[in-house]
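**Student:** Return atomic coordinates for the entry below.
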Amino acid sequence: MLNRRGLLVAVPVALTLLGAGCAAPTAPGSGDPGSMLLADGFEPESLNPLLGYGAEGAAKFYDGLLAFDGRAELRPALAAEPPQSSPDAKTWTVKLRDGVRFHDGTPFDAEDVVATYKAAVDPAYASTISSDYEMLADVRALDPHTVQFDLKIPYSAWPSKLVLGIVPNEKLATPQPQENSELNTKPVGTGPYKLVEWRQGDQMTWEGNADYWGGAPAVGKVTVVFAKDDNTRAQRLASGEFDGTVLPPVLAESVGRDGYRTVHHSTADYRSIALPNTHPVAGDRAVRTALNLAVNREGMIKALLGGHGKPAYAPVPESMGANFEPAARFDFDPERAKELLDEAGWRPGADGIRERGGVRAQFTVMYFADDSLRKDLATAFASDARAIGIQVDLAGVDRSAVAARIGNEGIVLGGGNPIDPDPQVYNSLHSSVIGTGTYNNPGQYRNAEVDAALDGARQELDPAKRAELYRQAQRAYVADPGLVYLAFIDHSYVMRDSGWTGYQPPVEPHTHGTTWGPWWNIEDWKPQA
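**Tutor:** Purely as a prediction, here's the structure:
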C-alpha cells in the first residue's frame, strides 16, 4: 500500500481520562482499541485546501494527485501513475485513479482536478495559495481520467505542486471568495478520514473512511484536543489522558516515560535571521559575513533545543540528498569575523560598538512576541553579534506589525518544505520575488549567480544536473550571504509506546504538530499482533 501524508491522529490503546484539574474531553472511542486521542497546540483556522489547509500534503480529509512518502519522494495518490512532462517542462499530463469517490458519494474525475486548480489561481475565489501556483497558465481535462497542466514557465518542480487537496467541482461551481466556503468547516475530500465533529476551540473528531480507495484505516476514530499551552499538554499526557502530543524537545524528554516514548524528527524547518540588505549596516557584505562567522549555531542548538537540531548555513537541509552542498557552511570563528569588520573599516567605539563613517553598527531584529523559541534565538544572536562589536536591538512584535517594518529591520523567520528544493529556496533568495509578499525574500537579497542557478534548476528535468545547480546556488550564497541561517530544528513528540505498528519517522516541513509527527501515515497503521 502507498505511504500517504498525515494529519491529526493518535497512538495506541484504550484511553485513560484523568487530567486532574482539567476538564476531560469527550472521547468518542474511549474503551475501543481502534480509537485514539491526541493533543495539539495548534488549531487550524480553516479546513479548506484553497485557504492553505494541508499545503504540504498533510490533509487527512483530502488527497492530492501525489503524496509525499515522508522521506524524499512523491508517490501517486489520486494520480494513477507519476506525472509526465514535456521536454521543456511546461506541459504536464497526469493520469487519474479510477473508482474513487468523495466523502459525499460523488465520483472523482478530471473535472474535480480542473476546478480545484482553476480556483487556486482565479482571483474570484480569493485563494490564499494563489501565489504558490502563479506559474500555472491553464489546466484542462483531456478525458474523464486525464488532466493536462500548461505552465507559463518551464518548471521542473511542478510535481511538488500536485499535493494540493482535491475538492468536488460542485463545491466550486459558484466563483466566490473561499472565506465564505462551507469547506472551511465541512471538508469534503477523498481522504482516509471524514470529519465527524469540530468543536472549535476545544476538539475535533474524525472517523475512518470505510470506502477509502487505499483501504479503510484500522485506526477507525481519532479525537484531537486543542490545548495551546505546552505545560498543560505535558501534564495531561503524563496523567495518561492522551496517546500523544507535540512538545518542545526538553519538555518532551521529561515526560516521555512510563509507557510513553519521545521521538525527534528531522526537518526542512529552518530558523534564520533575515537581514535588511538595504540597511546601511546589515546591508554591508562584510557585516553579513561576519555575523555568519560569529554565530554559535551548535551552542544555540544545545542550549535552546536540547541538542535536537542541525546547524543551518544555507536553506537546503542534508535530508535533500544530492541537492545539499556540504561545503556551503560557515565555521564558528568570531576572531575572523572581527578581522573582516576591521578590514571593512568598522572600528570599535568607546563602548565596544563599531562605527564607520559616523554610522554606528546597530540595527533591529524583530521576533514574534508569542513565539518563545524565536525570542530565545534572537537573544542568542544579539549576544553573539555584540561579542564582535555589532549592536542588535530586539523587538517582540505582533505578526500584523511586520509588513510595515520588515524593509528596514531584521526578523527571525521560519519555514521549510522537504518535498522539493524549489519551494524551499526560491522565495527566500531569488531577487524576482522581492515585493511579491511580506515574507518573500524579505531582506531584498540580490545575487545574480544565485538567481541564475535557481532559474536553471527550475528548467532542468535531469535530477543530477538539477542537483548540481542547487549546490551551485548554495556555494554562491555562502560567498555572499544575505541572511544568517541558524538551525534546522527537530520536531519533538511523545507517543504511547504500544498497540500499533506502522510508525515511520518522516522528514517534516515547517508545519508540524499532530498534522505530521509519528501520525503522518496513521491510515497505514495496523494493530500489533
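
**Student:** make it CA atoms for all contacts and neighbour counts henceforth
**Tutor:** OK.

**Student:** Show me what the helix or strand residue 355 falls within pairs with in its sheet, parallel or antiparallel.
**Tutor:** Assigned by DSSP states H and E, residue 355 belongs to strand 354-356. Sheet pairing for strand 354-356, assigned by DSSP bridges, gives strand 347-348 (antiparallel), strand 359-360 (antiparallel).

**Student:** taking the mean pLDDT, what do you get for stretch 180-195?
**Tutor:** The average pLDDT for stretch 180-195 rounds to 97.

**Student:** what about it, start to end distance?
**Tutor:** One end of stretch 180-195 to the other measures 19 Å (CA to CA, to the nearest Å).

**Student:** what residues does it touch?
**Tutor:** Contact with stretch 180-195 is made by 45-48, 59-63, 100-104, 165-168, 171, 178, 198, 204-209, 212, 214, 216-217, 523, as judged by CA atoms under 8 Å, 6 or more residues apart in numbering.

**Student:** pull the CA atoms of stretch 375-392 into CSV?
**Tutor:** C-alpha atoms of stretch 375-392 as CSV (Å, rounded to 0.1, in the frame of the first residue of the first chain):
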residue,chain,number,x,y,z
LYS,A,375,12.7,35.2,21.1
ASP,A,376,15.5,32.9,22.6
LEU,A,377,17.2,32.6,19.2
ALA,A,378,17.0,36.4,18.7
THR,A,379,18.6,36.9,22.2
ALA,A,380,21.4,34.5,21.5
PHE,A,381,22.0,36.1,18.1
ALA,A,382,22.2,39.5,19.6
SER,A,383,24.7,38.3,22.2
ASP,A,384,26.9,36.8,19.6
ALA,A,385,26.7,39.9,17.5
ARG,A,386,27.6,42.1,20.5
ALA,A,387,30.7,40.0,21.0
ILE,A,388,32.1,41.2,17.7
GLY,A,389,31.0,44.8,18.2
ILE,A,390,27.6,44.9,16.5
GLN,A,391,24.6,46.1,18.5
VAL,A,392,21.3,44.2,17.7
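
**Student:** I'd like to know how many residues surround residue 517.
**Tutor:** For residue 517, the neighbour count with other CA atoms under 10 Å is 32.

**Student:** what separates it from residue 172, distance-wise?
**Tutor:** With CA to CA as the criterion, residue 517 and residue 172 are 32 Å apart.

**Student:** wait, doesn't residue 41 sit right on residue 246?
**Tutor:** Yes - taking contacts as CA atoms under 8 Å, residue 41 lies within contact range of residue 246: 7.4 Å.

**Student:** what do the two both touch?
**Tutor:** Common neighbours of residue 41 and residue 246 (CA under 8 Å, 6+ apart) are residue 513.

**Student:** Please say which of the two ends up with more neighbours.
**Tutor:** residue 246 (29 against 17).

**Student:** What values do phi and psi take at the closest residue in space to the more buried one that isn't next to it in sequence?
**Tutor:** Nearest in space to residue 246, with sequence neighbours left out and distances taken as CA to CA, 6 or more residues apart in numbering, is residue 493 at 4.4 Å. Dihedral pair for residue 493: phi -140, psi 150, per degrees, to the nearest 10.

**Student:** contacting residues around residue 493?
**Tutor:** Contacts of residue 493 (CA under 8 Å, 6+ apart): 244-247, 249, 252, 262-264, 517-518.

**Student:** run the last query once more with 7 Å
**Tutor:** 245-247, 252, 262-264, 517 (CA atoms under 7 Å, 6 or more residues apart in numbering).

**Student:** and what of residue 301?
**Tutor:** 307-309.

**Student:** tell me which of the residues you listed is nearest to residue 235?
**Tutor:** residue 308 (21.7 Å; CA to CA).

**Student:** Wait, that closest one touches residue 490, no?
**Tutor:** Yes - counting by CA atoms under 7 Å, residue 490 is a contact partner of residue 308 at 5.4 Å.

**Student:** Tell me what residue 368 is bridged to.
**Tutor:** In this entry, residue 368 is beta-bridged to residue 397, by DSSP bridges.

**Student:** Ok, residue 74 next?
**Tutor:** residue 68.

**Student:** Would you check how far apart it and residue 163 are?
**Tutor:** 9 Å.

**Student:** thinking again about what came up before, residue 392 versus the residue nearest to residue 246, what's the distance?
**Tutor:** For residue 493, the distance to residue 392 - CA to CA - is 33 Å.

**Student:** Residue 308 and residue 490: which is more packed in?
**Tutor:** The neighbour count for residue 308 versus residue 490, taken as other CA under 10 Å, is higher for residue 490 (24 against 21).

**Student:** Would you confirm that the more buried one contacts residue 267?
**Tutor:** Yes - in this structure, residue 490 is within contact of residue 267 by CA under 7 Å, at 5.9 Å.

**Student:** quick revisit: could you dump the strands paired with strand 354-356 to JSON lines with distance to residue 189, mean pLDDT and mean neighbour count?
**Tutor:** Shown next, in JSON lines, are those (distance: least, CA to CA, whole Å; pLDDT from 0 to 100; neighbours: other CA atoms under 10 Å):
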{"stretch": "strand 347-348", "distance to residue 189": "61", "mean pLDDT": "97", "mean neighbour count": "19"}
{"stretch": "strand 359-360", "distance to residue 189": "57", "mean pLDDT": "98", "mean neighbour count": "15"}
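
**Student:** Pipe those into JSON lines and attach distance to residue 134 per row.
**Tutor:** Formatted as JSON lines, the strands paired with strand 354-356 follow (distance: least, CA to CA, whole Å):
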{"stretch": "strand 347-348", "distance to residue 134": "46"}
{"stretch": "strand 359-360", "distance to residue 134": "41"}
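
**Student:** Of those strands, which is nearest residue 404?
**Tutor:** strand 359-360 (23.2 Å).

**Student:** circling back: show me which of the contacts of residue 493 are buried.
**Tutor:** Among these, those scoring as buried are 245-247, 252, 262-264, 517 (criterion: 16 or more other CA atoms under 10 Å).

**Student:** Helices of this protein, start to end?
**Tutor:** Counting by DSSP state H, one finds helices in the chain at the ranges 110-121, 230-238, 249-255, 285-294, 297-305, 334-343, 372-386, 402-405, 421-429, 448-459, 463-479.

**Student:** most packed of these?
**Tutor:** Ranked by mean neighbour count, the helices of the chain are led by helix 285-294 with a mean of 24 (mean count of other CA atoms under 10 Å).

**Student:** for it, packing partners?
**Tutor:** Packing contacts for helix 285-294, counted by 3 or more CA pairs under 7 Å, 6 or more residues apart in numbering; DSSP states H and E, involve helix 334-343, helix 372-386.

**Student:** For that helix, output the C-alpha coordinates as PDB.
**Tutor:** What follows is helix 285-294, C-alpha atoms only, in PDB (Å, rounded to 0.1, in the frame of the first residue of the first chain):
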ATOM      1  CA  ARG A 285      28.500  42.400   2.900                       C
ATOM      2  CA  ALA A 286      31.300  42.400   5.400                       C
ATOM      3  CA  VAL A 287      28.800  42.700   8.300                       C
ATOM      4  CA  ARG A 288      26.600  39.900   6.900                       C
ATOM      5  CA  THR A 289      29.600  37.600   6.500                       C
ATOM      6  CA  ALA A 290      31.000  38.500   9.900                       C
ATOM      7  CA  LEU A 291      27.600  37.800  11.600                       C
ATOM      8  CA  ASN A 292      27.500  34.300   9.900                       C
ATOM      9  CA  LEU A 293      31.000  33.600  11.400                       C
ATOM     10  CA  ALA A 294      30.100  35.000  14.800                       C
END
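
**Student:** All set, thanks.
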